[in-house]
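Colleague: I would like to see how this sequence folds:
(one chain, ligands or ions: 1)
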Amino acid sequence: MSVYTLVTGATGGLGGAFVKELARRGQPLYLTGRNQEKLAALKEELLHSHPALPVKIAVCDLSNEASRRVLYAAFERENVKFCRLVYAAGADIQKPFEEYTEEKLTFQARANFEGAVSVARAVLARGEGKQELLFVGSVSGLYPMPYFALYSAAKKALWQFAAALRVELKGRANVTCVQPGAIPTREDVKENIRTQGLWGKLAALPPETVAKKSLAAVAKNRRSPVIGFWNKLMHGSTALLPLSWKMKFIAKRWSKTRKDAF
Ligand SMILES: NC(=O)c1ccc[n+]([C@@H]2O[C@H](COP(=O)([O-])OP(=O)(O)OC[C@H]3O[C@@H](n4cnc5c(N)ncnc54)[C@H](OP(=O)(O)O)[C@@H]3O)[C@@H](O)[C@H]2O)c1
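Modeller: Residues are numbered from 1 along each chain as shown. Model (predicted):
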């Protein structure tokens, strides 16, 4: 019987890079996203390059409890077992907090945090052997970020959850929450990186590199590595600066960009 890696956000830029890397390694894949057509196309593409690879797909809105229950019922029905979770789903709305609607607020908080916690429980319950739980955090979770406040808080919560879970599961599962910087995935992210000039160029890493480094990190049971030399350097060299200075700098820079998601 095949033992699967569950990849959430499989239809996204970083999720897709995880999928391709895991497929290259011959890892049976259980892929989720919200769009059936995108998932079906991804499966077809994978089977074209890896005809013998077991690939399952399932639509799920991870911000919705009822939708998650449908996914978990499918796990039961198919009696699927998991050796690994890659939680790459996420939504990065960025704007002043007062401009949020209630709907967007709950969507972002749930997709980025509640969904991850819920899926982790489901994957643990259907574990086979020693498992790996990999959560995609962000350097945005390292400091409170004005104008990106909810995203940054949700990523921090994810980091904190993963760090605690890692201790609870010692010896039974590796648990890692990686903190990547900018990744040129969607067009709006690429544009954002471009507008940051040299800074953006230095901090950004291709999704393929982030996926490889993240899988290596969870294999080594690292707790919460910052991904990329420049991001590590920035984090390390600013560690002793007062938080108020860092937030002032962040507020100035981040108040200039706005983006939405659903
Ligand atoms: N790009 C960056 O610069 C960057 C930097 C640091 C961290 N990250 C993190 O990396 C992860 C992937 O980002 P990305 O740049 O690859 O974004 P992306 O291309 O927009 O992909 C996001 C993925 O998440 C899925 N998703 C969003 N909301 C969902 C929901 N409610 N239920 C289920 N799936 C949902 C999307 O599914 P659909 O296809 O169905 O919409 C898509 O597959 C995110 O967690 C993000 O926070 C990104």
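
Colleague: pLDDT value on residue 153, please?
Modeller: pLDDT, the model's per-residue confidence, is 98 for residue 153.

Colleague: where do the strands sit along the stretch 151-262 of the chain?
Modeller: With DSSP state E, counting those that start in this stretch, the ranges of strands along the stretch 151-262 of the chain come out as 173-180, 226-227.

Colleague: cool, the stretch 1-150 of the chain as well?
Modeller: With DSSP E, counting those that start in this stretch applied, the stretch 1-150 of the chain shows strands at 3-8, 29-33, 55-59, 81-87, 127-136, listed in chain order.

Colleague: returning to what we had before: single out the most deeply packed of the strands of the stretch 151-262 of the chain.
Modeller: Of all the strands of the stretch 151-262 of the chain, strand 173-180 carries the top mean neighbour count, a mean of 25, counting by mean count of other Cβ atoms under 10 Å. For every residue, glycine as well, the C-beta is placed using N, CA and C.

Colleague: Any chance of JSON lines for the strands of the stretch 1-150 of the chain, columns distance to the ligand and mean pLDDT?
Modeller: Rendered in JSON lines, the data for the strands of the stretch 1-150 of the chain read as follows (distance: least, Cβ to the nearest ligand atom, whole Å; pLDDT from 0 to 100):
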{"stretch": "strand 3-8", "distance to the ligand": "6", "mean pLDDT": "98"}
{"stretch": "strand 29-33", "distance to the ligand": "4", "mean pLDDT": "98"}
{"stretch": "strand 55-59", "distance to the ligand": "8", "mean pLDDT": "98"}
{"stretch": "strand 81-87", "distance to the ligand": "8", "mean pLDDT": "98"}
{"stretch": "strand 127-136", "distance to the ligand": "4", "mean pLDDT": "97"}
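
Colleague: I'd like to know which residues of the chain are adjacent to the ligand.
Modeller: Those residues of the chain that sit near the ligand, judged by Cβ under 6 Å from any ligand atom, are 9, 11-15, 33-35, 38, 60-63, 88-92, 111, 136, 138, 180, 182-183, 185-186, 189.

Colleague: In JSON lines: the strands of the stretch 151-262 of the chain, plus mean pLDDT and distance to residue 122.
Modeller: Compiled in JSON lines, these are given as follows (pLDDT from 0 to 100; distance: least, Cβ to Cβ, whole Å):
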{"stretch": "strand 173-180", "mean pLDDT": "98", "distance to residue 122": "14"}
{"stretch": "strand 226-227", "mean pLDDT": "98", "distance to residue 122": "26"}
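
Colleague: nearest to residue 262, of those strands?
Modeller: When the strands of the stretch 151-262 of the chain are ranked by proximity to residue 262, the top entry is strand 173-180, at 22.5 Å, counting by Cβ to Cβ.

Colleague: Only C-alpha atoms, please: export that closest one in PDB.
Modeller: Taking only C-alpha atoms (Å, rounded to 0.1, in the frame of the first residue of the first chain), the coordinates of strand 173-180 have been written out as PDB:
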ATOM      1  CA  ALA A 173       7.600  13.000  14.000                       C
ATOM      2  CA  ASN A 174       9.900  15.700  12.700                       C
ATOM      3  CA  VAL A 175       8.100  19.100  12.800                       C
ATOM      4  CA  THR A 176       9.500  22.100  11.000                       C
ATOM      5  CA  CYS A 177       8.100  25.600  10.200                       C
ATOM      6  CA  VAL A 178      10.300  27.200   7.600                       C
ATOM      7  CA  GLN A 179      10.600  31.000   7.300                       C
ATOM      8  CA  PRO A 180      11.200  31.900   3.700                       C
END
